[in-house]
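S.K.: Fold the following.
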Amino acid sequence: MFRLISSAQGTSTTRLQHLASDCLEILFLQIEATHRSRRTMPRVVVRPAALLPQRVGCPWHRARTPALPALRRARGCGATRGGGPGSEPPEPDELGSSSSEDRGRAEDTPAARLTQNLANLVANPASYLGAFVIVAAATSRFNFGGGAVVALSALPVVALTAISKSSAGQEVRRAVEQEKPRLLAEADRAEAQRVVARSGGDLSRFYGDTRSVLQDPPSHLQGQLAGDAGFDPLGLAASPSEDASAEVDAGDGWRDGALKDTRLGRLYQAELLHARWAMLGAVGCLVPELLQRQFGVAIAEPIWWKVGGSVLNEGIAINYAGLEGLRIAGDKGVLAIAACQLALMGGPEYARQVGIASLEPVGIFLPGDVNYPGGPLFDPLGLAKDPDTFLTQAVAEIKHGRLAMLAMAGYAAQAAVTQEGPIANLEATLARIVAHYG
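M.R.: As a prediction, this is how the structure comes out:
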C-alpha cells in the first residue's frame with residue numbers, strides 16, 4: 001500500500017482518485033481476510049459504495065495495482081465490480097464462482113442483519129417469557145378485551161410470518177441457503193461424533209449392547225436411543241413390517257429424528273414430548289399451592305385440579321403463579337383462554353410438524369434433529385457441542401421426564417382419593433411420619 005501511495009507523484013487527479021479507492025479497498029480486503037482466517041467475523045462484509053466506486057475499463061488501474069486482483073481472487077471475487085464493457089471477468093476459486101459470493105455479500109445489508117436479529121429474538125423461547133410479562137402487564141394496566149388479548153397472543157407467529165415474507169427476510173433466507181451446505185456438513189460431522197461416542201467409553205452403560213437393562217431386551221430395542229433400558233414387555237414399539245435392525249447414523253435422514261420411519265422412532269418422539277410437558281406440569285402444579293401454604297400468598301384457587309371448575313363455576317381469574325394481575329386471558333373466560341392457547345401453540349406445533357428446517361425461512365438454521373434441535377435457540381449453553389455431554393444429558397432428560405410423568409399420575413391419583421393438592425398430601429404424610437417415629 002505504501003508503494004502504491006509513493007507512486008502517486010506526478011499523476012492526474014483522476015488517477016489519484018482511483019489510487020485512493022484502491023488503497024481503501026485493499027485495506028478492507030486485508031481486514032476481512034484476517035478476520036475470516038480467525039473465524040471471528042461473518043464472511044459477508046459490506047463496504048461503503050461511495051468509497052469504492054466502480055471502475056470500468058481502466059488499463060492503468062490494472063497495471064498499477066497488481067495486489068488488488070490477487071486479493072480479490074483470494075477472497076473469491078473478480079478484480080472489478082463494474083460488470084460493464086472492459087471489466088475483468090470474475091475468477092472462480094475452489095469454493096465457487098465470484099457471482100455467488102457477491103450475491104451473499106449483497107444480502108448482508110443492514111436491513112437483512114436487523115431482520116435476522118429480529119427473527120432470532122422472536123423465535124427464541126426465552127423471548128416468550130419476556131413477551132408474556134410485557135403483555136400481562138399491559139392487559140392488567142389497560143384491561144384489554146378478549147379480541148385484543150387473542151391478537152396479542154398471536155403476535156409471535158404473525159411477526160415470524162411477516163419477517164419471512166419481507167424483502168429483507170428473503171435476503172436472509174437466500175443467505176442461509178448459500179451457507180446451508182457448509183452448515184449441514186458441520187452438523188453431519190457432529191452427529192458422526194455422537195454415533196462414535198455411543199459405542200465406547202463411559203457411555204457404553206447407556207447405549208448399545210453393554211447398556212444396563214431391566215430385562216432381556218427384545219430385538220427391536222438395540223440401545224440406539226437415550227434411555228433404552230430394554231423394557232417393552234407388551235411389544236408396543238415393535239412392528240413386523242419395519243426393520244428392527246435400523247441404525248442411528250449420520251446419513252442424510254438423521255435430522256428428521258432417530259428411526260423416524262419406525263414405530264419405535266415415533267413412540268420415542270411422543271414420549272420425549274410428553275416427558276418435557278410433564279416436567280413443566282409437575283412443577284407448575286406445585287408452585288401456586290406452595291406459595292399459598294408456605295408463603296401466605298393470596299391465591300384464588302391454588303390447587304391445580306380445581307382451577308378449571310373454579311373458572312367455569314365461580315368465574316375466578318387465572319393468575320400465573322397465583323400473582324394478582326399476572327395473566328393474559330385469565331379473566332376473559334374459557335373461550336378466550338382456549339383461543340389464546342391456540343394462537344400461542346399453533347405456531348410451535350406447525351413448526352414441529354414442518355420439521356427441523358421450519359425456521360430457515362426467517363434465516364435460522366438449527367444444527368440438530370427434530371428431537372434435539374440445538375443451536376443458540378435451544379442450546380444456549382452449547383452443551384450439544386461435546387458429544388459425550390450431549391448424550392449424557394439426553395439420558396438425564398428422558399429419565400427426569402419419565403419420573404415427571406409418574407409424578408403427574410401420582411398427583412391425579414392423590415387428588416381422586418384425598419381431594420387435596422400435592423403439597424397438602426406431602427405435609428400430611430410428613431406429619432404422620434414424625435408422629436409415628438417422634
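S.K.: can you pull the contacts of G281?
M.R.: 404, 408 (CB atoms under 8 Å, 6 or more residues apart in numbering). All C-beta spots, glycine's among them, are computed from the backbone N, C-alpha and C.
S.K.: my read is it is in a strand, agree?
M.R.: No: per DSSP: H, G, I helix; E, B strand; the rest coil, G281 lies outside any strand segment and is helix.
S.K.: quick one: it and H274, what's the gap?
M.R.: 10 Å (CB to CB, to the nearest Å).
S.K.: ok, now G347?
M.R.: Going from G347 to H274 by CB to CB gives 20 Å.
S.K.: When the two are compared, which one has more neighbours?
M.R.: Using other CB atoms under 10 Å, the more surrounded residue of G347 and H274 is G347, with 19 against 16.
S.K.: I figured that one was touching A159, is that so?
M.R.: No: applying CB atoms under 8 Å, one finds G347 not in contact with A159, separated by 9.8 Å.
S.K.: Can you give me the pLDDT of A20?
M.R.: pLDDT for A20: 54.
S.K.: okay, the helix or strand that contains A112 in CSV with CA atoms only?
M.R.: For A112, the element it lies in under DSSP states H and E is helix 110-123. Listed next in CSV are the C-alpha coordinates belonging to helix 110-123 (Å, rounded to 0.1, in the frame of the first residue of the first chain):
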residue,chain,number,x,y,z
PRO,A,110,-28.3,-3.5,7.5
ALA,A,111,-31.9,-4.4,6.8
ALA,A,112,-31.0,-8.1,6.4
ARG,A,113,-29.0,-8.1,9.6
LEU,A,114,-31.8,-6.4,11.5
THR,A,115,-34.3,-8.8,10.1
GLN,A,116,-32.2,-11.9,11.2
ASN,A,117,-31.6,-10.5,14.7
LEU,A,118,-35.4,-9.8,15.0
ALA,A,119,-36.2,-13.3,13.8
ASN,A,120,-33.8,-14.8,16.4
LEU,A,121,-35.4,-12.7,19.1
VAL,A,122,-38.9,-13.6,18.2
ALA,A,123,-38.1,-17.4,17.8
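S.K.: which helices and strands sit right next to it?
M.R.: For helix 110-123, the elements it packs on are helix 155-165, helix 167-198, helix 375-378, judged by 3 or more CB pairs under 8 Å, 6 or more residues apart in numbering; DSSP states H and E.
S.K.: Would you single out the least confident of the ones you listed?
M.R.: helix 155-165 (a mean of 82).
S.K.: low pLDDT regions in the chain?
M.R.: 1-108, 122-123, 125-129, 240-252, 321-325 (pLDDT under 70).
S.K.: how does it divide into domains?
M.R.: With domains defined by automatic domain parsing, the chain comprises 2-79, 125-437.
S.K.: Can you tell me which of the ones you listed is most buried?
M.R.: Stretch with highest mean neighbour count among the domains of the chain: domain 125-437 (a mean of 16; mean count of other CB atoms under 10 Å).
S.K.: Just say helix, strand or coil for the nearest residue to T210 once chain neighbours are set aside.
M.R.: Spatial nearest neighbour of T210, chain neighbours left out: S204 (4.5 Å); criterion: CB to CB, 6 or more residues apart in numbering. Under the three-state scheme (three-state DSSP), S204 adopts helix.
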